[in-house]
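Asks: For reference, the sequence and a predicted model appear below.
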Amino acid sequence: MERNFSPDGRDAAGLLRVQEISRYRIALDDADPGLRLLAQLAVQAAGGDLGGITLVHDVHVAVVTGAGLTPQ
């Protein structure tokens, strides 16, 4: 299969982004209230606008809760 990309590489970059995003699974579950409170306290302590708790294992990443974030 032949692909024609623009000379500046924008089409190729866009294709790579789509391929990368397609590897992810998005699940919107209710966050644990204790973890949400921990995220809120961390945001307040740091004086930030938003924060979250992220778990990372090998190639797997899960954002388990956040404060100042609204799922879209």
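Replies: Yep, it's here. Numbers count the residues shown, from 1 in each chain.
Asks: Give me the buried positions along stretch 48-65.
Replies: Across stretch 48-65, burial judged by 16 or more other Cβ atoms under 10 Å covers Gly51, Gly52, Ile53, Thr65. Bear in mind the C-beta positions are built from the backbone N, C-alpha and C, glycine included.
Asks: Give me the subset of those residues lying in strands.
Replies: Gly51, Gly52, Ile53, Thr65 (DSSP state E).
Asks: from those residues, which is closest to Leu28?
Replies: The closest of those to Leu28 turns out to be Thr65 (Cβ to Cβ; 11.6 Å).
Asks: now what about the helix ranked longest in the chain, what contacts it?
Replies: Secondary structure of the chain per DSSP state H: the longest helix is helix 33-46. Helix 33-46 is contacted from outside by Asp49, Leu50, Gly51, Gly52, Ile53, Val64, Thr65, Gly66, Ala67, Gly68, using Cβ atoms under 8 Å, 6 or more residues apart in numbering.
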